[in-house]
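I would like to see how this sequence folds:
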Amino acid sequence: MVFFEIFLLLLVILVAAEVFTNALEHLGERLKISEGVTGSLFAAVGTALPETMVPILAIFGGTANAQVNEEIGVGAILGAPLMLSTLSIFLMGVFAWNKRGVGAEIKPERSGFTRDLNFFLVAFAISALALFLPHEPPIWRITLGFGLVLVYFIYIMLTLRASAQLVSEGHGTEAGEPMFLSRIGFRKNLSTIVLQLALGLLLLIAGAKGFISSVDEASQILGISALLLSLLIIPIATELPEKVNSILWIRKGKDTLALGNITGAMVFQGTLLPAIGIMLTPWAPEREVLAGVIITFVSALWLRLVISRGQLRVWHLAANGALYVTYLVLVLAY
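Numbering: from 1, shown residues only. As a prediction, this is how the structure comes out:
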């Protein structure tokens, strides 16, 4: 029964993602902002809400066992960027291959894509460094935590500042299809766009929360530890909105939106959430955690190196999938 529930909740998430991305395209078009802002900020932060809530709720009292709460919190915080940089990128590449061919070029707006990866690599390096810092005195961890918050603030400012120039160069957000609420008689205006965004986002969150509960129940049947659950299973469930949004956009040829949705979420979850983890959890280099950090960093660095060479092709994204399989082997086989 639980696996049938998982299937139904997947359908809910698929429908919600379509509603959300449709409204988001119309919002970006109406506000005359770049696809980079729409994907890296609006879509990334909006669809990151479900997985953002998991570690926060866990750390602040998810269960009666404080150690389990901390394990789930740390695993969910570090598991999210791991999943985004490996499996999410790979799945998007699979659908791009199906639509365009394995050798086709993926063409995100280059400056925004590079900026996302640069900020993520810096922030994640800080998060990795914090794993080896002593807990006493706490000033060093507190300093790094607030430093990560500052990094994200600077990222937002630079992304917004670049928007006007990118729109003038032809990288403005364009809605490819009529808005869903307009099709059933609603007048297309800002209020209607916001309403559809809210409906899509609420449906995404509800579907993701239900999915987490079902996957949690399934994991108990399979006998998986809290840390491994939070590193592997919970991120798969909570990252579904980003995956689905990016797949929808890559199939429509909206490469900047598709990749920005993932890399923008990586920056969000590589700064603000690790800041919480560094200051409020043990944040120690356990084997599963350290392996995840290394694989995540290598995955993002690979994308950065490829784009610096001038072209990002569909087959390049297969390496990110291989890195995810490598992680599974490391944590499950040893």
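
where exactly do the strands run in this structure?
According to DSSP state E, the chain carries its strands in the segments 105-106, 312-313.

work out the gap between the last one and the centre of the chain.
Here strand 312-313 is found 20 Å from its chain centre; the criterion is Cα atoms, centre = their mean, to the nearest Å.

now swap in stretch 159-171 and tell me
For stretch 159-171, the distance to the chain centre is 23 Å (Cα atoms, centre = their mean).

before we move on, back to that, for the strands of the chain, give me JSON lines that also has mean neighbour count.
Every C-beta, even on glycine, is put in place using the N, C-alpha and C of the backbone. Below are the strands of the chain laid out as JSON lines (neighbours: other Cβ atoms under 10 Å):
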{"stretch": "strand 105-106", "mean neighbour count": "18"}
{"stretch": "strand 312-313", "mean neighbour count": "18"}
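
and Tyr155, which of the ones you listed is closest to it?
strand 312-313 (20.9 Å; Cβ to Cβ).

sheet partners, orientation included, of the closest one?
With DSSP bridges as the test, strand 312-313 is paired with strand 105-106 (antiparallel).

so how far is the strand it pairs with from its chain's centroid?
So, by Cα atoms, centre = their mean, the centroid of strand 105-106 is 21 Å from its chain's centroid.

returning to that earlier point: quick one: closest of the strands of the chain to Thr114.
strand 312-313 (10.8 Å).

tell me the mean pLDDT for the closest one?
Averaging pLDDT along strand 312-313 gives 93.

got the contact list for it?
Contacts to strand 312-313, defined as Cβ atoms under 8 Å, 6 or more residues apart in numbering, come from residues Val102, Gly103, Ala104, Glu105, Ile106, Lys107, Pro108, Leu303, Val306.

now, which of those residues sits nearest Thr256?
Pro108 (4.7 Å).

number of residues surrounding the closest one?
24 (other Cβ atoms under 10 Å).

likewise for Phe7?
9.

separation between it and Met266?
28 Å (Cβ to Cβ, to the nearest Å).

can you say which of the strands of the chain is nearest to Ile262?
Going by Cβ to Cβ, the one of the strands of the chain nearest Ile262 is strand 105-106, 11.8 Å.

ok, and what's touching that closest one?
Contacts of strand 105-106 (Cβ under 8 Å, 6+ apart): Gly93, Ala96, Ile250, Asp255, Leu259, Gln311, Leu312, Arg313, Val314, Leu317.

which residues touch the nearest residue to Val194 once chain neighbours are set aside?
Residue nearest to Val194 in three dimensions, not counting chain neighbours: Leu27, with 7.6 Å by Cβ to Cβ, 6 or more residues apart in numbering. Contact analysis of Leu27 by Cβ under 8 Å, 6+ apart lists Thr38, Phe42, Thr173, Ile193, Val194, Leu197.

tell me what Ser34 is bridged to.
Gly172.

mind checking how far it is from Ile193?
As judged by Cβ to Cβ, Ser34 and Ile193 stand 17 Å apart.

so the two - more neighbours on which side?
Ser34 (28 against 25).

report pLDDT for the more buried one.
80.

report the contact partners of it.
Counting by Cβ under 8 Å, 6+ apart, Ser34 has contacts Gly28, Glu109, Gly112, Ala162, Ser163, Ala164, Leu166, Val167, His171, Gly172, Thr173.

which of those residues are buried? Put it as a ChimeraX command.
Buried subset of the contacts of Ser34, written as a ChimeraX selection, criterion 16 or more other Cβ atoms under 10 Å:
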select :28,109,112,162,163,166,167,171,172,173
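
which one of the contacts of Ser34 sits closest to Gly79?
Gly112 (25.3 Å).

correct me, but that closest one touches Leu166?
Yes: assessed by Cβ atoms under 8 Å, Gly112 is found in contact with Leu166 at 7.3 Å.

looking at the contacts of Ser34, which is nearest Ala284?
Closest to Ala284, out of all of these and judged by Cβ to Cβ, is Gly112, at 34.6 Å.

which residue, other than its chain neighbours, is closest to that closest one?
Gly36 (3.4 Å).

neighbours of the nearest residue in space to Arg115 that is not next to it in sequence, how many?
Closest residue in space to Arg115, ignoring its immediate chain neighbours: Leu158 at 6.4 Å, by Cβ to Cβ, 6+ apart. The local packing of Leu158 (other Cβ under 10 Å) involves 13 other residues.
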